[in-house]
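> 3D, please:
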Amino acid sequence: MIDTLAKRGEPAVESLREILDREPVLARRNAVWTLTRIGTAAALATARFALDDADPSVRLVASTCAATHRDAEAVDQLVGLLSGPESAVRREAATSLGRIGSVDAVPALLKAFEEAGDRMLEHAIIYALIEVNDPETTRAGLENPSARVRRAALVALDQMEDSKLTHEMVSPLLKTDDVLLLEAVVDVVGGHPEWVEIAAGLITSWLLEPELTAARQLLLRDAVYALRRQPACQALMAELLSRPDTSAESRILLLDVMVDSGFRDFPLIWQQQVLSNLASSNIRVAGKSLIAMASTNARQFDDGLLKYVQNTTRPVSLRVRAASILSRDGAALLETTFELLRSQCGQDAAFETRLEAARAIDNLKLSSEKLESVIGLVAHAGPLELPLLLKPLAGVVIHANARIVHFLDDLCTGLPRACRTAVLLDDQQHVIVTGDRTQLLESFDPQLAIAALGMPEREDLWDAGRGGLTKAVGQQFPARCF
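Here you go, the predicted structure:
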């Protein structure tokens, strides 16, 4: 029906007008679609009658018709639809006004935003304001008593081609308790780093509050992160970290921004304050300072980390974490630091500290004496730190001398049989030492030894294979000899 009448063109308009007067809803909707297809002045004039139809679905189709043909004669009726009860019709009316580009519709669009009940309608109204592209009329919304209207005007102006939005226009908007408006201001300021001074006062006052709500923390973090590359913001962050009245939560927020900043090397002004906050009596602040150091070039903090590790008044868990950061970049550790790490690999230490100590040991270049100490730790290691402690032993070639046989005794007698497969092959398929005193010098079939690896429950193969594997290691794998 639609296609047939549309092909008739102008002569069909009068018949379609009659359908709009008295036919059911479906017929009326189809009549408007047909008038949209015809698209002549007479057809559009007839379609405008449907903007006042009693049924919202018909009004919605009529709004689409006006948008399709940018029908300026429909503006007044579309403005009326902005205050209607149906959100879908209001959304389509806003879209139509944006496509038509009527400056006269801007005040009505701003007012409609104040009463918008859903995000899709808000988006349609803001996009309509952007399409109209009339900065002068839209700027009036920045001074509207409604925080919602001010937000709509700000977001639209920020994306308008001809808006020339200035920081003088934006600054007054910070004087509000409306969270959504503040979020919009922060988002706009983040796109204009040169406006950092606008946000500086707000950031300072909020971060000095004794307690921050979750919503305000998120807003503050976004604001500081957006401006983190600006020297003025970097100086502000350093100043706040240096102030005694800055709360622990605010310090952690600032350090979090540093962690996520993406800087390989922290600005000098940050380095000083990160080291200062490492000395905090608040374990969470000190811990976050270590995380900040680990996120960047740790060489910047070597001296401070070395002093911290040696300071026995500091929490052991944080000293181990500091040593782990140092070991990551290959800094030479004192004998006392190695002893600290070794002492924290036992079952008496907290799990996180144990794992951190094992990770640090894994990073170190160990002498023969220290390797012997590591073998002593293997027997008591848990399942997560065990692979880290085994890695320094990877590729060791077993020689038949008394000291190595002693190492093997410690290793094989200390580990439960179920763990020996892990000792033989770690997660990266590195071969590790195995054997015992009586079998060390005997020759077994290497193939039998390799088969034993896959079947640890076959104790006969296991016992027969250990000596053969010892021989196979020496034949097939790169050596690191004692």
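
> remind me which residues of the stretch 201-350 of the chain are low pLDDT?
298, 329-331 (pLDDT under 70).

> Which parts of it are helices?
Secondary structure of the stretch 201-350 of the chain (DSSP state H, counting those that start in this stretch): helices located at 214-226, 231-242, 248-259, 268-278, 283-294, 302-310, 316-328, 335-343.

> How is residue 176 assigned, secondary-structure-wise?
Here residue 176 is recorded as coil under DSSP: H, G, I helix; E, B strand; the rest coil.

> Now do the contacts for the residue nearest to it when sequence neighbours are not counted.
Counting by Cβ to Cβ, 6 or more residues apart in numbering, the nearest residue to residue 176 once its immediate chain neighbours are dropped is residue 147, at 5.6 Å. C-beta: built from backbone N, CA, C; applies to glycine. Residues in contact with residue 147, defined by Cβ atoms under 8 Å, 6 or more residues apart in numbering, are 176, 178, 180, 181.

> Tell me the one of those residues nearest residue 82?
Of all the contacts of residue 147, residue 82 sits closest to residue 180, with 20.6 Å by Cβ to Cβ.

> list the buried ones in the helix or strand hosting that closest one?
Assessed by DSSP states H and E, residue 180 sits inside helix 179-190. Buried residues in helix 179-190, defined by neighbour count with 16 or more other Cβ atoms under 10 Å: 181, 182, 183, 184, 185, 186, 187, 188, 189, 190.

> Once you drop chain neighbours, what's closest to the third one?
Once flanking residues are discounted, residue 183 sits nearest to residue 219: 5.8 Å by Cβ to Cβ, 6+ apart.

> Any figure for the gap between that neighbour and residue 101?
Going from residue 219 to residue 101 by Cβ to Cβ, to the nearest Å gives 34 Å.

> The two: which is more packed in?
residue 219 (21 against 15; other Cβ atoms under 10 Å).

> Tell me where the stretch 51-200 of the chain is predicted with low confidence.
For the stretch 51-200 of the chain, no stretch has pLDDT under 70.

> what's stretch 4-15 in contact with?
For stretch 4-15, using Cβ under 8 Å, 6+ apart, the contacting residues are 16, 34, 35, 37, 38, 40, 42, 43, 46.

> can you pick the most crowded of those residues?
Most crowded among the contacts of stretch 4-15, counting by other Cβ under 10 Å, is residue 35 at 32 neighbours.

> Mind giving me the packing neighbours of whichever strand or helix holds that one?
Using DSSP H and E, residue 35 sits within helix 25-38. Helices and strands touching helix 25-38, as assessed by 3 or more Cβ pairs under 8 Å, 6 or more residues apart in numbering; DSSP states H and E, comprise helix 2-8, helix 13-22, helix 41-49, helix 56-68.

> Would you format the ones you listed as JSON lines with distance to residue 328 included?
Formatted as JSON lines, those follow (distance: least, Cβ to Cβ, whole Å):
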{"stretch": "helix 2-8", "distance to residue 328": "70"}
{"stretch": "helix 13-22", "distance to residue 328": "76"}
{"stretch": "helix 41-49", "distance to residue 328": "71"}
{"stretch": "helix 56-68", "distance to residue 328": "60"}
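
> Of those, which stretch is the most buried?
helix 56-68 (a mean of 23; mean count of other Cβ atoms under 10 Å).

> which strands and helices sit next to it?
Other helices and strands packing on helix 56-68, by 3+ Cβ pairs under 8 Å, 6+ apart, are helix 25-38, helix 41-49, helix 75-81, helix 87-100.

> most packed of these?
When those are scored by mean count of other Cβ under 10 Å, the highest mean neighbour count falls to helix 87-100 (a mean of 24).

> Run through who's touching the helix or strand that that helix is followed by.
Counting by DSSP H and E, the element after helix 87-100 in chain order, helix or strand, is helix 106-114. Contact partners of helix 106-114, identified using Cβ under 8 Å, 6+ apart, comprise 79, 82-83, 90, 94, 97, 121-122, 125-126, 128-129, 132, 134, 137-138, 140-141, 144, 146, 148-149, 151-153.

> please redo it, this time with the cut-off set to 7 Å
With contacts defined as Cβ atoms under 7 Å, 6 or more residues apart in numbering, helix 106-114 is touched by 79, 82-83, 90, 94, 97, 122, 125, 128-129, 132, 134, 137-138, 141, 144, 146, 148-149, 152-153.

> Among those, which lie within helices?
Per DSSP state H, helices hold the following members of the contacts of helix 106-114: 79, 90, 94, 97, 122, 125, 128-129, 132, 137-138, 148-149, 152-153.

> What is the nearest of those to residue 209?
residue 148 (25.4 Å).

> so what's that closest one closest to, chain neighbours aside?
Nearest residue to residue 148, sequence neighbours excluded (Cβ to Cβ, 6+ apart): residue 114, at 4.9 Å.

> what's around the one you found, how many residues?
Counted with other Cβ under 10 Å, residue 114 comes out at 17.

> repeat for the one 4 residues further on
Number of residues near residue 118 (other Cβ under 10 Å) recorded here: 12.

> so what's it up against?
Applying Cβ under 7 Å, 6+ apart to residue 118 gives the contacts residue 87.

> For it, give its distance to residue 131.
For residue 118, the distance to residue 131 equals 20 Å [Cβ to Cβ].

> re earlier: reformat the helices and strands packed on helix 56-68 into CSV and put distance to residue 223 next to each item.
Shown next, in CSV, are the helices and strands packed on helix 56-68 (distance: least, Cβ to Cβ, whole Å):
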stretch, distance to residue 223
helix 25-38, 46
helix 41-49, 47
helix 75-81, 37
helix 87-100, 30
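
> Nearest to residue 205, out of the ones you listed?
Here helix 87-100 is closest among these (Cβ to Cβ), at 36.7 Å.

> Contacts for that closest one next, please.
56, 59-60, 63-64, 66-67, 70-72, 75, 78, 81-82, 84, 105, 109, 112, 117-118, 120-121, 124-125, 127-128, 131-132.

> Could you say which of the helices of the stretch 201-350 of the chain is packed most deeply?
When the helices of the stretch 201-350 of the chain are compared using mean count of other Cβ under 10 Å, helix 316-328 is most buried, at a mean of 23.
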